[in-house]
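1. predicted coordinates and the sequence they were generated for:
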Amino acid sequence: MLTVMVRRMRRSASVLGAAVLAATLSLPAAAAEAPPGLPPDGVPVVTLGDSYASGEGAPAPGEQPWTIDVFGDSGADGCHRSAIGGHAIFGQLVAAASGTQYVNAACSGATTLTLASGLKGEPSQLTALGPQTGLVTLSIGGNDAGFSTVAAACNTVVPVPGLPTCSAALTASAGALQALTTAAPGGASPLQQVYATVQAQAPDALVMVAGYPLLFPAGAPSAACSAIAPEAQGVINAATLQLNAAIAAAAQAVGAVYVDLVEPFAGHSSCETDPAQSWINTLTPSDPVASFHPNVAGQQAIALALASAVPAPQFVDVVEGQPFYADIRWLAESGLSTGTPVGDELYFYPASAMSRQAMAAFMYRYAGEEYTPEPGQQTFSDVGPDNPFFVAIEWMAANDLAKGYEGDLFGPTRPVSRQAMGAFLYRLAGEPAVDATATFPDVPADSQFTDAIAWLAATGVAEGYDDGTFRPTVAISRQAMAAFLHRFDGLSPA
């Protein structure tokens, strides 16, 4: 499902203007041939960029802290790609779920120019891209703006010979940032150029561009951040916000997705009063390169931010204004439904009946639990391990959410009746006490579903029909199921 979600997700932004396309010609061309081991048509899932994409600051535990891949030994050449970096965590999860390949081509120290031309003896990062690339995550711009030089020049712990003064470094950085984010007359900024080049070389990819977190707490300079000159802390934060705004605008201009890191890292800067809350390494003289880069917790936050920013699928048969639109969009945005691919488009089939096995899948995803059946486990004779919904159905059985019928049958492809849907949700809610007399005229008092349907009515999860009936045995449509589950989600916890 995830491979469909990623590879079918087309950019909804407008097509690049002629000026942006022309501007890509000013970037260095990618190598004519990809390194041995890279598919000639591109790697399906790719990370590009600088140290914030490579995973600098959080080397993997064990004998191989930095990845060795088709681009080389990233430990020996200094690119420092970590398997537990935020971009790598996200990329590896997507690749594993879709059964495809992932490559992290990012290199610590990369700029917009060296991303394209190659760095530290490695080839152009763009050689990992191609028509088969479905997802690209990217972080670039911090080195162009001279942030690492500013951090070194403005540190108060270890003087670094050969660097400008802190004031001069800040001034130079401001100029570099202006150059990075300003478009040439009739053209595009260097940031927009590199994004457009990535889009051109991976035309069918979802491109996700990450910004940068604030290195220091917002507001007045903090005493906990004494490793950096107080006058520099606010300036660096302001420059980061300026760069992020430019990144977001350039990403939007080429149809990429911007991933904010300022909000996720709020309260988790490099020098919090409680060091355990810092998700960014502070200045470390013994490892200056890792300084001011996300630690393990920070890398995990980056992975979560990337996952949270993946756009919800757009269903061609669900348009604004039609009944249940908001409920179906909630399903998509919550990751509960990725739709059915037909060619290059996704369908939800809102009026179709909901099958019992599909209902099990929706509820399993909604619960957010991980479940692994025991070897040889099979609750229902008509749902074996080869059924794609087997785990979800076994989870329902294990949690007494589905009891089956006619002995040991589940009826996976049978439509879900409205009363059965009510029973599933009522059990998921823990079967709270309810006044069974407050129900619908077409629901018999002695029905096994009376309590569930009364609970549906009392909570507003089900509103019934205009004539006051519930129609318990009618098959529930996929769009009505979306409404039931959406309303269920809105209930206050007991």
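-> Now that the structure is in, tell me what you want to look at. Values in this document were obtained by computation on a predicted structure and should not be read as measured data.

2. would you map the strands across this structure?
-> Counting by DSSP state E, the chain has strands at residues 45-49, 68-69, 72-73, 102-104, 135-139, 206-210, 257-259, 340-342, 345-347.

3. tell me which of those lies nearest to residue 396.
-> Nearest to residue 396, of all the strands of the chain, is strand 340-342, at 22.0 Å by C-beta to C-beta. In short, each C-beta sits where N, CA and C put it, glycine included.

4. among the strands of the chain, which is the most enclosed?
-> Across those, averaging neighbours per residue (mean count of other C-beta atoms under 10 Å) puts strand 45-49 on top, at a mean of 30.

5. what lines up beside that one in the sheet?
-> Within its sheet, and counting by DSSP bridges, strand 45-49 is paired with strand 102-104 (parallel), strand 135-139 (parallel).

6. and the angle for it with strand 206-210?
-> 30 degrees (axes from the mean of the first three to the mean of the last three C-alpha atoms, to 10 degrees).

7. dump strand 45-49 to CSV, keeping only the CA atoms.
-> Provided in CSV are the C-alpha atoms of strand 45-49 (Å, rounded to 0.1, in the frame of the first residue of the first chain):
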residue,chain,number,x,y,z
VAL,A,45,13.7,5.9,-2.6
VAL,A,46,16.5,8.4,-2.4
THR,A,47,17.9,11.0,0.1
LEU,A,48,19.9,13.9,-1.1
GLY,A,49,21.6,16.8,0.5
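
8. centre of the chain to that strand, how far?
-> Computed by C-alpha atoms, centre = their mean, to the nearest Å, the separation of strand 45-49 from the middle of its chain amounts to 14 Å.

9. ok, back up a step: figure out which of the strands of the chain is closest to residue 427.
-> Using C-beta to C-beta, the strands of the chain put strand 340-342 closest to residue 427, at 27.6 Å.

10. residue 426 - nearest residue in space that isn't next to it in sequence?
-> Among residues not flanking residue 426 along the chain, residue 452 sits closest, at 3.7 Å (C-beta to C-beta, 6 or more residues apart in numbering).

11. if you could redo that for residue 69, that was the one I meant.
-> Nearest residue to residue 69, sequence neighbours excluded (C-beta to C-beta, 6+ apart): residue 103, at 6.3 Å.

12. hey, what's the one you found bridged with?
-> Going by DSSP bridges, residue 103 forms beta bridges with residue 46.

13. which one's the longest helix in this structure?
-> In the chain, with assignment by DSSP state H, the single longest helix is helix 230-253.

14. the residue nearest to residue 426 and residue 427: what is the separation?
-> Separation of residue 452 from residue 427 (C-beta to C-beta, to the nearest Å): 8 Å.

15. neighbour count: those two, which is higher?
-> Between residue 452 and residue 427, residue 452 has the larger neighbour count (other C-beta atoms under 10 Å), namely 28 against 17.

16. show me the contacts for that one.
-> 419, 422-423, 425-427 (C-beta atoms under 8 Å, 6 or more residues apart in numbering).

17. try it again at 10 Å.
-> 419-427, 429, 431, 434, 436, 439, 443, 461-462, 472 (C-beta atoms under 10 Å, 6 or more residues apart in numbering).

18. and the pLDDT at it?
-> With respect to pLDDT, residue 452 scores 92.

19. do the same with the one 4 residues further on
-> According to the model's per-residue confidence, residue 456 sits at a pLDDT of 90.

20. tell me who's in contact with the nearest residue to it once chain neighbours are set aside.
-> Once flanking residues are discounted, residue 456 sits nearest to residue 462: 3.8 Å by C-beta to C-beta, 6+ apart. Residue 462 makes contacts with 418, 421-422, 425, 440, 452-453, 455-456, 470, 476, 480, 483-484, 487-488, as judged by C-beta under 10 Å, 6+ apart.

21. same thing with residue 52?
-> 85-87, 106, 108, 110, 138-143, 210-213, 261, 293-294, 298-299, 302.

22. how near is it to residue 244?
-> In terms of C-beta to C-beta, residue 52 sits 12 Å off from residue 244.

23. intersection of neighbour lists for these two?
-> Common neighbours of residue 52 and residue 244 (C-beta under 10 Å, 6+ apart) are 141, 210-213, 261.

24. and the residue nearest to residue 426, how far is that from residue 421?
-> Residue 452 is 9 Å from residue 421, by C-beta to C-beta.

25. give the residues shared as contacts by these two.
-> Taking C-beta under 10 Å, 6+ apart as the contact rule, residue 452 and residue 421 both touch 461-462, 472.

26. which residues in the stretch 251-400 of the chain form helices?
-> Per DSSP state H, counting those that start in this stretch, the stretch 251-400 of the chain carries helices over the ranges 296-309, 325-333, 356-367, 390-398.

27. now do the third one against helix 390-398, angle only.
-> Using the same axes, to 10 degrees, the direction of helix 356-367 lies 80 degrees away from that of helix 390-398.

28. count of neighbours near residue 440?
-> 18.

29. where does pLDDT dip in the stretch 51-200 of the chain?
-> Nowhere does the stretch 51-200 of the chain drop to pLDDT under 70.

30. outline the domain layout of this structure.
-> The chain breaks down into these domains under automatic domain parsing: 2-309, 325-489.

31. okay, the shared contacts of residue 452 and residue 421 in JSON lines with pLDDT and distance to residue 269 next?
-> Shown next, in JSON lines, are the shared contacts of residue 452 and residue 421 (pLDDT from 0 to 100; distance: C-beta to C-beta, whole Å):
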{"residue": "461", "pLDDT": "90", "distance to residue 269": "43"}
{"residue": "462", "pLDDT": "85", "distance to residue 269": "48"}
{"residue": "472", "pLDDT": "92", "distance to residue 269": "56"}
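
32. excluding its backbone neighbours, what's nearest residue 413?
-> residue 355 (5.3 Å).

33. count the neighbours of that neighbour for me.
-> 18.

34. how about it, what does it touch?
-> Taking C-beta under 10 Å, 6+ apart, we find residue 355 in contact with 361, 389, 411-416, 475, 478.

35. between those, which is closest to residue 339?
-> Among the contacts of residue 355, and counting by C-beta to C-beta, the member closest to residue 339 is residue 478, at 10.4 Å.

36. average pLDDT across stretch 478-490?
-> For stretch 478-490, the per-residue pLDDT averages 92.

37. list the buried ones in that stretch?
-> Neighbour counts over stretch 478-490 (16 or more other C-beta atoms under 10 Å) mark 478-488 as buried.

38. helices - which of these land there?
-> 478-488.

39. how close does residue 439 sit to residue 180?
-> 65 Å.

40. sweet, I'm off.
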